[in-house]
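Enquirer: one predicted model, sequence on top.
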Amino acid sequence: MTRRSRSLAFLFSTMPLAFFASAPAHASQDDDAPAKRTRIILGPQLSPSWPGSEDLSVGPYVDLSRSPEGVPFEFEAPDESFGSPLVHSGKFAFGPAFGFIGKRTAADVGADLPKVGLSIEAGGFAQVSLTPSFRVRIEGRKGLSGHKGWVGEASADYITRDGDDWLFSIGPRVTFGDDRYHRAYFGVTPAAAATSGLAAYDPKGGVQSVGVTAGYLRQLSKRWGVALYGRYDRLVGDAADSPVTRELGTRSQPSVGVALSYTFGGGTKQ
């Protein structure tokens, strides 16, 4: 998980960490099974304050991974939503997905538009590793608060790596939103048009943006490493044509993050 997460992301990300820290070492493995390693990635990231915003907000870039000693950590794209696979079946994996978008107020957007509260999103994902170097993933999430719409993303990643020593990934992204989601961030009701000075606009659901993400992980020692990523999205369709985007925001939606990683457990030496 990383990108679309805001302040609540850190809370949700530390919950599994607390579990791992308190659980006994033998709770989920046999005595003869390889010891598990845990890797924490933590640092700052910049991403759009809200969909279509020209302003960037600072948030946490967080990831938590576990792997048996001697087995490389499973690939996770740096901009994935928070969530881990619950089911592995051959090359396929399925699991929950969670996302967050900070609130958007009239002061934030610069016009008298309705407030969109903090959006907590929950849903699921499915992914398939077609080859060790190519993974495809799709996910959908429902807004439980805030925009209360459906959002989704399709992605593909080319991956090249040398075990855990270094990893580079790059691939395209396509995001989607339903009518309710697009109206929350890109719509202008007749009443809002009268107070904001923007033209009334009723967007429909569909593709919201197309983009690309690249990420890089480098292990500096047995414990410490560095992680960074960059992502660029371009709003398209009704999201791009909205007067909110054209007059108060931008079609360009960049994100960037940099973090340190720390690995412990297993046979990791001091």
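Expert: Noted; the coordinates are in hand. These numbers come from a predicted model, not from an experiment. Numbers count the residues shown, from 1 in each chain.
Enquirer: residues touching Ser67, list them.
Expert: 36-37, 39, 73-74 (C-beta atoms under 8 Å, 6 or more residues apart in numbering). Every C-beta, even on glycine, is put in place using the N, C-alpha and C of the backbone.
Enquirer: what does Ser65 give?
Expert: Neighbour list for Ser65: 38-39, 41, 73-74, 76 [criterion: C-beta under 8 Å, 6+ apart].
Enquirer: A helix includes it, no?
Expert: No: the assignment for Ser65, made by DSSP: H, G, I helix; E, B strand; the rest coil, is strand rather than a helix.
Enquirer: let me know the pLDDT of it.
Expert: pLDDT recorded at Ser65 is 92.
Enquirer: what do you get for Pro34?
Expert: pLDDT, Pro34: 74.
Enquirer: roughly how far does it sit from Val71?
Expert: Using C-beta to C-beta, to the nearest Å, one obtains 7 Å as the distance from Pro34 to Val71.
Enquirer: with Gly123 instead?
Expert: Between Gly123 and Val71 the computed distance is 28 Å (C-beta to C-beta).
Enquirer: settle it for me: which of these two has more neighbours?
Expert: Using other C-beta atoms under 10 Å as the criterion, Gly123 and Val71 rank with Gly123 on top: 19 against 13.
Enquirer: remind me which helix or strand the closest residue to that one other than its chain neighbours belongs to.
Expert: Leaving out its chain neighbours, the residue that sits closest to Gly123 by C-beta to C-beta, 6 or more residues apart in numbering is Arg141, at 3.5 Å. Assigned by DSSP states H and E, Arg141 belongs to strand 134-143.
Enquirer: what helices or strands is that strand leaning on?
Expert: On a contact count with 3 or more C-beta pairs under 8 Å, 6 or more residues apart in numbering; DSSP states H and E, strand 134-143 meets strand 92-101, strand 119-131, strand 150-162.
Enquirer: tell me the buried residues in that strand?
Expert: Residues of strand 134-143 classed as buried by neighbour count (16 or more other C-beta atoms under 10 Å): 135, 137-143.
Enquirer: one more: stretch 160-175?
Expert: 161, 164, 167, 169-171, 173-175.
Enquirer: try stretch 89-101
Expert: Neighbour-count burial for stretch 89-101 flags 93, 96-101 (criterion: 16+ other C-beta under 10 Å).
Enquirer: just curious, which of those residues is nearest to Gln127?
Expert: Ala93 (5.2 Å; C-beta to C-beta).
Enquirer: the closest one: what's it in contact with?
Expert: Contacts of Ala93 by C-beta under 8 Å, 6+ apart are 85, 87, 126-129.
Enquirer: Pro203 now?
Expert: Counting by C-beta under 8 Å, 6+ apart, Pro203 has contacts 179, 182-183, 186-187, 238-239, 241-242.
Enquirer: selecting buried members of those residues in PyMOL, what would you type?
Expert: Selection of buried members from the contacts of Pro203 for PyMOL, criterion 16+ other C-beta under 10 Å:
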select buried, resi 179+182+183+186+187+238+239+242
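Enquirer: so which of the contacts of Pro203 comes closest to Leu217?
Expert: Closest approach between those and Leu217, by C-beta to C-beta: Ala239, at 31.4 Å.
Enquirer: let me know the secondary structure of that closest one.
Expert: Per three-state DSSP, Ala239 ends up helix.
Enquirer: next, count neighbours for the closest residue in space to it that isn't next to it in sequence.
Expert: Sequence neighbours aside, Gln208 is the residue nearest to Ala239 in space, at 4.7 Å (criterion: C-beta to C-beta, 6+ apart). Other residues near Gln208 come to 27 when the count uses other C-beta under 10 Å.
Enquirer: OK, contacts around Gln208?
Expert: Gln208 makes contacts with 51, 151, 175-177, 182, 235-237, 239, as judged by C-beta under 8 Å, 6+ apart.
Enquirer: buried subset of these?
Expert: 51, 151, 175-177, 182, 235-237, 239.
Enquirer: can you flag which of the residues you listed belong to strands?
Expert: Per DSSP state E, strands hold the following members of those: 151, 175-177, 235.
Enquirer: need the buried residues of stretch 89-101 in a markdown table (columns: pLDDT).
Expert: Formatted as a markdown table, the buried residues of stretch 89-101 follow (pLDDT from 0 to 100):
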| residue | pLDDT |
| --- | --- |
| Ala93 | 96 |
| Pro96 | 97 |
| Ala97 | 96 |
| Phe98 | 95 |
| Gly99 | 93 |
| Phe100 | 91 |
| Ile101 | 93 |
